[in-house]
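Visitor: pasting the sequence and the predicted model now:
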Amino acid sequence: MTESVPGRGEPYAGIERSTATAWVGWVLLGAIMLVLLGAVHLGTGLVALVRPEVLAGGRADLLVPLSLDALAGFHLVLGATAVVVGVGLVRGYRWARLSALLLAGAAAMVNFAFIAVHPVWSVTALVMIAVVSYAVSAHGAEVAGAYGDT
């Protein structure tokens, strides 16, 4: 038996009224960016494992004194973490909001470190990190409310 909307007699089709603001869009943008970033890191890690000659002798060897296997493992773990956190952020989970803020803090430090090398991109990334971090911290719970999970 399906529930009906009071006074209308129609089957209940979802949420009648949401209190979510437009900031939910910024939270979802951050989640999508995390999933895409995770996919890139997973791809890089798989390339480093399957075809290490593609990355050998490149900038990856010069930036950090790690073997390609260690670098591949780091990329795989970071990529999987970002994908899981991004999906959790889309669902509005509290642990995902906290994890997203921790990942954003790490990304902010990395972009601040490279501000002299890539000033336009670093400043753009820092502004995006600030906006998405605000949206996640202040309005992240609205995502769960938009799904009807309070």
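Guide: Right, received. Where do you want to start?

Visitor: so how far is His41 from Gly92?
Guide: Using C-beta to C-beta, to the nearest Å, Gly92 is found at 24 Å from His41. Backbone N, C-alpha and C define where each C-beta goes, glycine included.

Visitor: looking at those two, which is more packed in?
Guide: Ranked by neighbour count (other C-beta atoms under 10 Å), Gly92 and His41 place Gly92 first, with 23 against 20.

Visitor: once you drop chain neighbours, what's closest to the more buried one?
Guide: Nearest residue to Gly92 in three dimensions, chain neighbours excluded: Ala144, at 3.0 Å (C-beta to C-beta, 6 or more residues apart in numbering).

Visitor: any idea which helix or strand comes after the helix or strand of the chain with the lowest mean pLDDT?
Guide: In the chain, the helix or strand scored least confidently by mean pLDDT, DSSP states H and E is helix 59-63, which has a mean of 51. The helix or strand immediately downstream of helix 59-63 is helix 68-91, counting by DSSP states H and E.

Visitor: correct me, but Leu71 touches Leu49?
Guide: No. Judged on C-beta atoms under 8 Å, Leu71 makes no contact with Leu49 at a distance of 9.8 Å.

Visitor: more neighbours: which of those two?
Guide: Each of Leu71 and Leu49 has its neighbours counted (other C-beta under 10 Å); Leu71 has more, 20 against 15.

Visitor: tell me how far the more buried one lies from Phe112.
Guide: Leu71 sits 22 Å away from Phe112, taking C-beta to C-beta as the criterion.

Visitor: now do Gly145
Guide: Going from Gly145 to Phe112 by C-beta to C-beta gives 33 Å.
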